[in-house]
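Asks: What follows is a predicted protein model with its sequence.
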Amino acid sequence: FLPNAFSPNGDGLNDVFKLENIRFERLISFRVFNRHGKEVFFTSNPDKGWDGTIEGKPAPQDVYFYTIQLVMPGTEVRNYKGDISLVR
C-alpha cells in the first residue's frame, strides 16, 4: 500500500512517504523524482522514506513521481511506479 498524498508538516501524521509492510520482498531501489525528472530521493533501505525535503530544504508542494524495484521471494524482480502529491 502506498498513499497518493503526504503532508510533511511535523504533525506526526503522514510526514514521511515510505513503503509499508515489506516482509518477504527485498528492496532494490525506491526513488522519487520531481516533475522535471530530477531525482530528489533514493534509498535501498526499506525502513527509510522521503521526508519531503530536497537537499535539506522543504520541497515545494507539487506532484512527484516514484519508482520502486523489489525482488520477490525467489528471484522475480517487480517494478512499480506512480505519483504522490506533496501537500503543505
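Replies: Here it is on my side, so go on.
Asks: List the contacts of residue 44.
Replies: Counting by C-beta atoms under 8 Å, 6 or more residues apart in numbering, residue 44 touches 27-30. (Glycine included, C-beta is placed from N, CA and C.)
Asks: how close does the residue lying farthest from the centre of the chain get to residue 25?
Replies: In the chain, residue 74 marks the outermost C-alpha relative to the chain mean, sitting 24.1 Å out by C-alpha atoms, centre = their mean. Applying C-beta to C-beta, to the nearest Å, the value for residue 74 to residue 25 is 11 Å.
Asks: before we move on, back to that, among the contacts of residue 44, find me the one that's closest to residue 47.
Replies: Among those, residue 27 lies closest to residue 47 (C-beta to C-beta), at 9.4 Å.
Asks: now that closest one, nearest residue through space, not along the chain?
Replies: Nearest in space to residue 27, with sequence neighbours left out and distances taken as C-beta to C-beta, 6 or more residues apart in numbering, is residue 46 at 4.5 Å.
Asks: residues near the one you found, how many?
Replies: Neighbours of residue 46 under the rule other C-beta atoms under 10 Å: 17.
Asks: That one against residue 23, yeah?
Replies: No. Counting by C-beta atoms under 8 Å, residue 46 does not reach residue 23; the two are 9.6 Å apart.
Asks: filter the contacts of residue 44 to the buried ones?
Replies: Neighbour counting with 16 or more other C-beta atoms under 10 Å marks 27, 30 as buried within the contacts of residue 44.
Asks: how about CSV for the contacts of residue 44, with distance to residue 57 and secondary structure added?
Replies: Listed next are the contacts of residue 44 as CSV, based on distance: C-beta to C-beta, whole Å; DSSP: H, G, I helix; E, B strand; the rest coil:
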residue, distance to residue 57, secondary structure
27, 26, strand
28, 28, strand
29, 23, strand
30, 21, strand
